[in-house]
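Undergrad: take a look and give me a structure for this.
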Amino acid sequence: MRVLSRLISSIGLGVLLMFGQVIHAAVTHEASATPVSIFRTTASAESALALESNMLYDEMSLGEKGLAKKAFEYAYRGYKNLLNLRLISRQNIISVIDFSQSSKNKRLYIVDIENKEILMNTFVAHGRNSGKEFATSFSNSMSSLKSSLGFYVTRDTYFGEHGLSLRIDGLEKGINDNAEKRAVVIHGADYLGDNYLSGNPFSGRSWGCPAVPSQQSSQIINMIKDGTVMFIYHPSQQYLSKSRILNG
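TA: Predicted structure coming up:
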């Protein structure tokens, strides 16, 4: 009986040691992997996000409004990553600017993904040196008068030379993080809208700001201020391959 008892005890101790080693290995792996995978998602997670974004895209009929499916897919992926990092204080609202479109189009989309509705679809300007009718060149440099692509988070409002304006922070180093230094903000402008386009071949251009029509600027600013995400899209591989928010 003593021999049997010792045998059972030895087996039990061995199992406990093996279980402890498994737990230790799992904890060690998790601790070492966390800093590397801040933005990184698995292939299955990316597929799930793509499915979610495609369902929302279809339910809100964003394609019928002209928004590129890839633009919304990237916007949604980045939104989810920023949400996980707690960089967004106001959830469920995403603003997408689709610079793959002509400036004659209503290429700003503000969507409520919780209620699955488009809150606003209107005109938005690109920078003077980014292009004429189409934006094709982008910069983060001072005095470039160009738009910057990527993810932003909205901040507080102020009254300036364009009236009520909204500060935005560029979240991508080397891509748009000079937004504050460049005074890139959301403000109203008279060179946008149907009236302007009735006498001009395309919308007017800003000094790099995503300006919106004056008649709608207050409504837009109050709708998205204080911590919502904004994504400026263009199918530029230079940006899409470089963005850490999208690629890790």
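Undergrad: can you map out the helices along the protein?
TA: Ranges of helices within the chain are 2-33, 43-59, 69-84, 194-197, 214-224, 237-242, 244-247, based on DSSP state H.
Undergrad: summarise which helices and strands the third one is packed against.
TA: Put plainly, it is helix 69-84. For helix 69-84, the elements it packs on are helix 43-59, strand 93-98, strand 150-160, strand 229-233, helix 244-247, judged by 3 or more C-beta pairs under 8 Å, 6 or more residues apart in numbering; DSSP states H and E. In short, each C-beta sits where N, CA and C put it, glycine included.
Undergrad: mind running it again at 6 Å?
TA: Applying 3 or more C-beta pairs under 6 Å, 6 or more residues apart in numbering; DSSP states H and E, one finds that helix 69-84 contacts helix 43-59, strand 93-98, strand 229-233, helix 244-247.
Undergrad: buried residues in the longest one?
TA: Neighbour-count burial for helix 43-59, with 16 or more other C-beta atoms under 10 Å as criterion, is recorded at 49, 53, 56-57.
Undergrad: got a list of contacts for that helix?
TA: 69, 72-73, 76-77, 113, 116 (C-beta atoms under 6 Å, 6 or more residues apart in numbering).
Undergrad: please redo it, this time with the cut-off set to 7 Å
TA: Helix 43-59 has contacts (C-beta atoms under 7 Å, 6 or more residues apart in numbering) with 63, 69, 72-73, 76-77, 80, 113, 116.
Undergrad: show me which of those residues is closest to residue 107.
TA: Of all the contacts of helix 43-59, residue 107 sits closest to residue 72, with 12.4 Å by C-beta to C-beta.
Undergrad: pretty sure the closest one contacts residue 62?
TA: Yes: with contacts counted by C-beta atoms under 7 Å, residue 72 reaches residue 62, the gap being 5.8 Å.
Undergrad: more neighbours: which of those two?
TA: Remark: of residue 72 and residue 62, residue 72 carries more neighbours, 25 against 22, as counted by other C-beta atoms under 10 Å.
Undergrad: quick one: contacts for that one?
TA: Contacts for residue 72 (C-beta under 7 Å, 6+ apart) come out as 53, 57, 62, 96.
Undergrad: give the bridge partners for the last one, please.
TA: With DSSP bridges as the criterion, the beta-bridge partners of residue 96 are residue 109, residue 231.
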